[in-house]
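**Q** what would the 3D arrangement of this be:
(2 chains)
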Amino acid sequence: MERENIPDYENYEQIKISSSLDETLTDIRTIMGNTMDLNILEIEISGVKCAVIAIEGMIATLNISQIVYKYLMGFHADNADCKTVFDFVTKQSLLTNDRKTIYTYGDVVRFAFSGFGIIFFDGLAKAVALGIQGYDKRSVTEPTSEVNIKGSHEGFIEAIRSNISLVRRRMKTPALRFELLQVGTSSKTDVCIAYIKGKAPDKYVDKVRQQLKDIKLETVLTSGYIAPFLESGKKRLFSDFSSTERPDLFCAKLTQGRVGVLIDGTPFAIVVPALFSENFISIDDYASKPYYTAYIKALKYFCFFITIAMPGIYVALATFHPGTFSHKLLLNLAVSEEGTPFPLYVEVLIMMIFYEIMREAGIRLPRAVGGAVSIVGGLIIGDAAVSSGLISVSILIVIGLTATASFVIPSLNEQTSVLRLIFIIAGGLWGLFGIGIAIALVLSNICASENLNVPYTSPFSPLKKDKLVNALARRSFFTLEKTSSKISDLSSSREE
Amino acid sequence: MTRKISSLQFVVTMFFMIGILTITRPSAENTNLLTDIISSVAAVLIECLIVLPAVFYSERYNTSDPVRGIFETNTVVGKILCVFYAAFFIYAAINSLGAFSFFLTSNFPELSKSWAVILLMCAVSLYASCLGIEALTRSSVFVGAIFAALVFIVTISVTGEYDVDNLQLMFPFSENLPGDIFKETLLKLGRSSEICALPFLICHVDKNKKTSVFYFLAVKLGFTILVLLAVKAVLGGYSQKIFDPFYTLSTYARISVIERFDAIYGFVWTLGAFVKISVLFYLGGMFIGYIFPGMKNSASVSIATAVSFAVAVFIVSNNMWDNAFLRSAHWTAVVFLGGIVPLVALLLKSFKTRKRSFDK
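**A** The predicted model follows:
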């Protein structure tokens, strides 16, 4: 008899598994195009024809032979039929923790490509998926982008289930919930929503779930693919979500009632909503004395200002308002600028772009060569530029200070790099008036950002006095004992 | 779901609607310090009375503004009022753009042409006002912090220049003190265009509306008197003859690394003017939107901006800035738009509510 629905790689999702084993195996070979990493093992268990399929490299070979094959092959029952064997696998044995009965080819593909072994039984239109994943993964190592001194040295890795366990290990509360979704029409990437029930408002979780479900991308390979869909959706300079490589920071944010998203294949988790002030927080703050934390945070805010505005302000003052400088400073400046051929703002722009080139080269190169780039750029070219009279020494100092300050807040690197150039141009063209215009633009943009109704600039504006302590210093643990901090307290809207 | 602004955001935004104006405009010539102080107090007290209906209206009808209330009763009258308000806020925007451009091009002529100054300011204010009142008022808090720092540094760093003799409380001597105080009070009232904006900002304030208005008026009075005293104590009678006494004061200020603060003052004024002009564009656009209900917010704000830009450029490039009318509104406009319209709206709405409950 001619079949109505013959599955292929495009229409397999909803088609049911056939009760004929031969037909099922043919269908699977058709759907997967007989791909070389598909392993099909046909066996007889107590006289019933069965087949185990798995994807090479995705399962632990030792596990499948010791846990599955050994027990299956040892099973004997009188007059056994497919139902008896199925019942043995699903009800009378403890093969693996992770065991699912599946009915469609969509599930077959999803589970097989997630590292499950799938057992089919001749005569049954269903199969059993056993979790015996054993693909290679990186071991848990120190996070590279958020290094700390006194906190945990564990970072997320690429495998989502390991990341879930890293979070669960730190939060042993039943209120911590994980929801798994698949995102990406082709990649079917596992994406996990994490939140603490009772802390994260339901509307936050619902919104994030809906935003993830609405993603129609073909592939999701890094957190960067997901992040734009979790933003408030408008053109904003700063991101109103945060991303972290640290399970401890992730847990801290979940405790504040935020919603986290773990993505398979990337060691960076996303958390929404985020605040501007969080860019100045590190987990080490909680290992230091509050007064020291306050000092370090003040330093970081100052560095942020220097990073984006210092070259622009320098250009503006030196070009249009030299009277602002004290006489000694002005004389020194005049002497150093005397021999240089370019206008001041062109000089600064050249040096800034040169610095960005060096930085970009240093990031992408192997570490051993990265050091050489610094020597070539910083020492040789820098020194040559000054001694040849192309660039003044004072500019080199300004650029050096700016670059060093930018390392203090690496999470804002993208924004500071571009804003710095805008400030230089604005300062070079219109002096401090231009700087004022640039600040007004940036301020309006930042102040308009809000995710899940939480303003990005909170707790500064709108001012929340009780939360301000955390933005400028840190709360003492005695205060934390008494009060709980919820991100939803910063919400900016009111219900009518 | 409606948007809200905090009490602090309201106070700071309202402050920027007047703050720069207060420190940049000298009083009428031959006004002594006593007259200045008494008239400032009197003007603020009158403003207290003017804003009462708007505050009561906002307390009672929460998020609705008085013009919306009148609209619900009579659309034609509502639309006519919208025209008045839109025209007033656009006028106030032109006034501020002109004042700012005049200040910048006369003190820093090398920076830019006046039309370019107006264009840049219009562009950035248009962008900000399109982002909405919440974002705007949030920005104003940051600008407020910068502004407060500047005023603090300037007033502290000129302490060496203070001379009590300069204060000359009764000099030049006034032959008709009550009359002078009255005239000066009306002049100050006319400069208080922010009072007309108050009914439309207070309705966004989440809580403590009365306290917010009280704080605003207290800050306004305190700041005005502080600046009056600081300027007079350093500059003496000269402060009456210059357009921008606080700017002159900032040129006297110096700290170890900064020789003079005039450029920094210009920078802070840029930010202050940005807040004020953005709010005025927003309000102008809001009323154009009331007149043409289907119009997008960005379109109505763009119309308000375009008109303000064109007129401001025309006025500034034709050196019409000396015209007193272009410098400040008449006190009657402030009383009508800031006090009488909200009062009428309050009475109408109360009457309507009472009638409805009586009918039931």
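
**Q** pLDDT at the nearest residue in space to B:Ile90 that is not next to it in sequence, what is it?
**A** Once flanking residues are discounted, B:Ile90 sits nearest to B:Gly284: 4.7 Å by Cβ to Cβ, 6 or more residues apart in numbering or on different chains. Bear in mind the C-beta positions are built from the backbone N, C-alpha and C, glycine included. We have a pLDDT of 96 for B:Gly284.

**Q** in this structure B:Gly284 contacts B:Val311, no?
**A** No: using Cβ atoms under 8 Å, B:Gly284 makes no contact with B:Val311, being 12.0 Å away.

**Q** report the set of residues contacting both of the two.
**A** Jointly contacting B:Gly284 and B:Val311 under the rule Cβ atoms under 8 Å, 6 or more residues apart in numbering or on different chains are B:Ile90.

**Q** so these two - more neighbours on which side?
**A** B:Gly284 (27 against 19; other Cβ atoms under 10 Å in any protein chain shown).

**Q** what about the more buried one, distance to B:Ile118?
**A** Relative to B:Ile118, B:Gly284 is positioned 16 Å away (criterion: Cβ to Cβ, to the nearest Å).

**Q** what does the helix or strand hosting A:Lys100 contact?
**A** Following DSSP states H and E, one finds A:Lys100 within strand A:99-102. Contacts of strand A:99-102 with the rest of the structure, by Cβ under 8 Å, 6+ apart, involve A:17, A:90, A:107-108, A:111, A:116, A:118, A:126-131.

**Q** partners of that strand, with directions?
**A** When sheet partners are counted by DSSP bridges, strand A:99-102 sits next to strand A:127-131 (antiparallel).

**Q** just the angle between the next helix or strand after the partner strand and strand A:127-131, please?
**A** Later in the chain than strand A:127-131, the nearest helix or strand by DSSP H and E is helix A:160-170. Between helix A:160-170 and strand A:127-131, the angle comes out at 60 degrees (axes from the mean of the first three to the mean of the last three Cα atoms, to 10 degrees).

**Q** now the helix or strand just after helix A:160-170: how far from the chain's centre is it?
**A** Helices and strands here follow DSSP H and E; after helix A:160-170, the next one along the chain is strand A:176-183. Relative to the centre of its chain, strand A:176-183 is centred 15 Å away, using Cα atoms, centre = their mean, to the nearest Å.

**Q** what about the residue in chain B positioned nearest to chain A, helix or strand, and which?
**A** Nearest to chain A in chain B, going by Cβ to the nearest Cβ, is B:Thr270, at a distance of 3.0 Å. If you go by DSSP H and E, B:Thr270 is part of helix B:262-291.

**Q** what does chain A put close to chain B?
**A** With Cβ under 8 Å from any Cβ of the partner chain as the criterion, chain A meets chain B at residues A:317, A:320-321, A:323-327, A:329-330, A:430-433, A:435-437, A:439-441, A:443-445, A:447-448, A:455, A:457, A:460-463, A:492-496.

**Q** in helices, which of those fall?
**A** Secondary structure defined by DSSP state H assigns A:317, A:320, A:327, A:329-330, A:430-433, A:435-437, A:439-441, A:443-445, A:447-448 of the residues of chain A next to chain B to helices.

**Q** can I have the buried ones of those residues as a PyMOL selection?
**A** Selection of buried members from those for PyMOL, criterion 16 or more other Cβ atoms under 10 Å in any protein chain shown:
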select buried, chain A and resi 317+320+329+330+430+431+432+433+435+436+437+439+440+441+443+444+445+447+448
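
**Q** quick one: stretch B:292-306 near chain A?
**A** No: residues of stretch B:292-306 contacting chain A under Cβ under 8 Å from any Cβ: none, with a closest distance of 12.5 Å.

**Q** buried sites along the strand or helix carrying A:Cys50?
**A** Per DSSP H and E, A:Cys50 falls inside strand A:48-55. By neighbour count on 16+ other Cβ under 10 Å, the buried set for strand A:48-55 is A:Val48, A:Lys49, A:Cys50, A:Ala51, A:Val52, A:Ile53, A:Ala54, A:Ile55.

**Q** contacting residues for the closest residue to the first one other than its chain neighbours?
**A** By that I understand A:Val48. In space, and not counting its chain neighbours, A:Val48 is closest to A:Val85: 4.7 Å by Cβ to Cβ, 6+ apart. For A:Val85, the contacting residues are A:Ile45, A:Ser46, A:Val48, A:Cys50, A:Phe75, A:Ala77, A:Phe121, by Cβ under 8 Å, 6+ apart.

**Q** filter these to the buried ones?
**A** A:Ile45, A:Ser46, A:Val48, A:Cys50, A:Phe75, A:Phe121.

**Q** flag the least confident of those residues.
**A** A:Phe75 (84).

**Q** so it is in contact with A:Ser46, correct?
**A** Yes: look at A:Phe75 against A:Ser46 with Cβ under 8 Å: they come within range, at 5.5 Å.

**Q** which bits of the stretch 101-250 of chain B sit near chain A?
**A** Going by Cβ under 8 Å from any Cβ, the residues of the stretch 101-250 of chain B near chain A are B:104, B:108, B:110-112, B:117, B:120-121, B:124, B:127-128, B:131-132, B:134-136, B:138-139, B:141-143, B:206.

**Q** I am finished for the moment; much appreciated.
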